[in-house]
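Novice: Sequence and predicted structure, then a few things I'm wondering about:
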Amino acid sequence: MLNSPVWRGSPQLAFCLGQVLGALATALGALVLGSLVRLAAPPVVWIVLLVCWFGVIAVREFGVVSFGLPQNARLVPETVFRHGRFFGPLQFGLEMGTGLRTYVTSGLPYVLLPAVALLASPVAALVAGVGFGLGRSLMTSSNLRFSDDNSWDLEFSLYERQIKTILMVAFATGLWLVMS
């Protein structure tokens, strides 16, 4: 569906904008709810729990352990496209950007969400939301731009372990910066 030529130009930008807006909404919601949870224990407790949780997700990402994570395991319905070339893709992106409406292919958002809720400042929450939305947009846009025949997916699977390693190190570095 996203490979269609009608997705080029304005619809693709609306979709990416929707992903960023959806991710921002989720990050700000997590920040607000987390501000209540933060009262239950000192920051050191949350830091220890997050580091342990990151360790669990890291070994899961590399296949050492296997367990499912909660997610809405269905795609956003095509009925959102009844809203036209701008608002349809915007709504589709908004729903995908929340990370709550469709598949999440990595475990890292499951560490990011509690990190935002339990440790982030409002600015850090905004940065996390924008980063998540842009990351999802980058994956979709890259697939659209560089592949009409699934070769992008095949290339990605060839380097999946290296990509996961880079993402884990980058995520751990960002998490460490937020915690320090």
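Specialist: Cool, got the structure. Numbers count the residues shown, from 1 in each chain.
Novice: from the chain's centre, how far out does the helix ranked longest in the chain sit?
Specialist: If you go by DSSP state H, the chain has its longest helix at helix 10-37. Its chain's average C-alpha position is 10 Å from that of helix 10-37, according to CA atoms, centre = their mean, to the nearest Å.
Novice: Which elements pack onto that helix?
Specialist: Applying 3 or more CB pairs under 8 Å, 6 or more residues apart in numbering; DSSP states H and E, we find helix 10-37 packed against helix 84-97, helix 109-119, helix 122-146. From N, CA and C alone the C-beta is placed, and that goes for glycine too.
Novice: In stretch 170-180, which residues are buried?
Specialist: For stretch 170-180, the neighbour count (16 or more other CB atoms under 10 Å) marks F171, A172, G174, L175, V178 as buried.
Novice: So which of the residues you listed are in helices?
Specialist: Counted as lying in helices by DSSP H, out of those, are F171, A172, G174, L175, V178.
Novice: which one of those residues sits closest to G55?
Specialist: Each of those was checked against G55 using CB to CB; the closest is A172, at 9.9 Å.
Novice: Can you get me a residue count around the closest residue to the closest one other than its chain neighbours?
Specialist: Distances taken as CB to CB, 6 or more residues apart in numbering put F54 closest to A172, at 6.9 Å, once the chain neighbours are dropped. As a burial measure, F54 scores 21 neighbours (other CB atoms under 10 Å).
Novice: What confidence value was assigned to F54?
Specialist: With respect to pLDDT, F54 scores 95.
Novice: any idea of the angle the helix or strand encompassing it forms with helix 109-119?
Specialist: Assigned by DSSP states H and E, F54 belongs to helix 43-61. Helix 43-61 runs at 180 degrees relative to helix 109-119, counting by axes from the mean of the first three to the mean of the last three CA atoms, to 10 degrees.
Novice: name the helices or strands packed onto helix 43-61?
Specialist: When contacts are defined as 3+ CB pairs under 8 Å, 6+ apart, helix 43-61 packs onto helix 109-119, helix 160-179.
Novice: Other residues contacting the last one?
Specialist: So that's helix 160-179. Identification of contacts with helix 160-179 by CB atoms under 8 Å, 6 or more residues apart in numbering yields 47, 50, 54, 58, 61-62, 106, 108, 111-112, 115, 119-120, 124, 156.
Novice: hmm, try it at 10 Å
Specialist: Applying CB atoms under 10 Å, 6 or more residues apart in numbering, the external contacts of helix 160-179 come out as 43-44, 46-47, 50-51, 54-55, 57-58, 61-63, 106-109, 111-112, 115-116, 119-121, 124, 127-128, 131, 135, 156-157, 159.
Novice: contact partners of the helix holding F54?
Specialist: By CB under 10 Å, 6+ apart, helix 43-61 touches 34, 37-38, 40-41, 64-69, 106-112, 114-115, 117-119, 161, 164-165, 167-168, 171-172, 175-176, 178-180.
Novice: That'll do, ta.
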